[in-house]
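> A predicted structure for the sequence below; I have some questions about it.
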2 protein chains.
Amino acid sequence: MFSQSCKYAIRAMFLIAQRSNEGKFIGIKEIAEGLDAPQPFIAKILQDLSKKTMVISAKGPNGGFMLSESQRHTTLLDIVVAVDGNKIINSCCLGLRDCNEKSPCPVHDEYKLIRKKINSMLSTTQVSDYNDELSMSKLFLKDK
Amino acid sequence: MFSQSCKYAIRAMFLIAQRSNEGKFIGIKEIAEGLDAPQPFIAKILQDLSKKTMVISAKGPNGGFMLSESQRHTTLLDIVVAVDGNKIINSCCLGLRDCNEKSPCPVHDEYKLIRKKINSMLSTTQVSDYNDELSMSKLFLKDK
DNA sequence: ATATTAAAAGAGTTAAAGGTCTTTTATTAT
DNA sequence: ATAATAAAAGACCTTTAACTCTTTTAATAT
């Protein structure tokens, strides 16, 4: 469904959103630990999100990553599109480039509904929606 | 969502199902053309499905592939599981191995519904369900 | 000013998916 | 029997995703 990079990106954004409440930057090391993910890989992904102005970064002591007030309203769809592109939004699940209402693949109609649900889930969820549940350990961003 | 191999496998099975009505074997060359897909790659995929007894194959003149009466009831879920394994059925969309009701990821509940819809679509669709529409060119298995 | 901290940049590596090619084996029509 | 046909088998190549490593740049605390 999503690339590994995209899954990490979403999880990282949930984590940064939660910590941004406290008004502090969170470092890559802490993020990688919080997700149980490879640190250099997470660094790459966040670098990318930073370039796309979806997260604020700061170098030097007490540096790290943080979300501005408006960035906390970033949706999962924003992240997915930024990382994986928009194929999830509109592509045929059997891989047909030209699949559409006029010349549909066998599962076009059924899959359309599923795609709609996926888009709805992604576009209605914001990265700060679960800050509290994450803080209270009712929801998790890593295994174990 | 599905691997490229899996997409080809599904499309190939739809095509073989349709041609199996006529009681004849369909060759790899014709299948590859019918899907506009690379012939040697399709050959490998079908070899695999043949080993798993999801399709009958015959060598020599007039040989090719065909579905038995019971094989025509193969569901898309059967194909997906055979080719991509069962990760689609039960894995967390954020990649957490241990995501479950007890320790869920932030989108666990919402994604559960989507996964259910996907499974429902896959398990209720049989490869021969669209034979007629495919014959009448109301549905398509390739681009252009 | 300097040392330290931490992200940015970018080259490099590894593994898996996607796809190709060649040889072998089985079948059947003549 | 033999030639022709078509899948099986398996080695091989290519591309992309996933991940790592090293060096550079920027910020800050002393």
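Done, it's in.
> Now tell me what touches the helix-or-strand element of chain A with minimal mean pLDDT from outside.
Here the helix or strand of chain A ranked lowest by mean pLDDT, DSSP states H and E is helix A:87-90, holding a mean of 92. Here helix A:87-90 makes contact (Cβ atoms under 8 Å, 6 or more residues apart in numbering or on different chains) with A:1-2, A:77, A:80-81, A:115, A:118-119, A:122. Placement of C-beta: from N, CA and C, glycine included.
> Any buried residues in the helix or strand that that helix is followed by, and which?
The helix or strand immediately downstream of helix A:87-90 is helix A:108-124, counting by DSSP states H and E. Buried positions in helix A:108-124, judged by neighbour count with 16 or more other Cβ atoms under 10 Å in any protein chain shown: A:108, A:110-111, A:114-115, A:118, A:121-122.
> Of those residues, which are in range of DNA strand C?
For DNA strand C, no contacts are drawn from the buried residues of helix A:108-124 by Cβ under 7 Å from any atom of the strand.
> which ones among those come in contact with chain B?
When the buried residues of helix A:108-124 are checked against chain B using Cβ under 8 Å from any Cβ of the partner chain, the ones in range are A:108, A:110-111, A:114, A:118, A:121.
> how about those residues, which pair is most distant?
Based on Cβ to Cβ, the longest span within these runs between A:108 and A:121 and measures 20.5 Å.
> Give me every residue in chain A lying close to DNA strand D.
So chain A meets DNA strand D at A:3-5, A:8, A:38-41, A:43-44, A:58-63 (Cβ under 7 Å from any atom of the strand).
> Counting by contacts, list what whichever strand or helix holds residue A:5 packs against.
In the assignment (DSSP H and E), residue A:5 maps to helix A:4-20. Helices and strands touching helix A:4-20, by 3 or more Cβ pairs under 8 Å, 6 or more residues apart in numbering or on different chains; DSSP states H and E, are helix A:28-35, helix A:39-51, strand A:64-66, helix A:76-84, helix A:131-135.
> Outside of the shortest one itself, which residues are in contact with it?
Put plainly, it is strand A:64-66. So strand A:64-66 is in contact with A:16, A:19-20, A:24-28, A:30-31, A:46, A:50, A:55-58, going by Cβ under 8 Å, 6+ apart.
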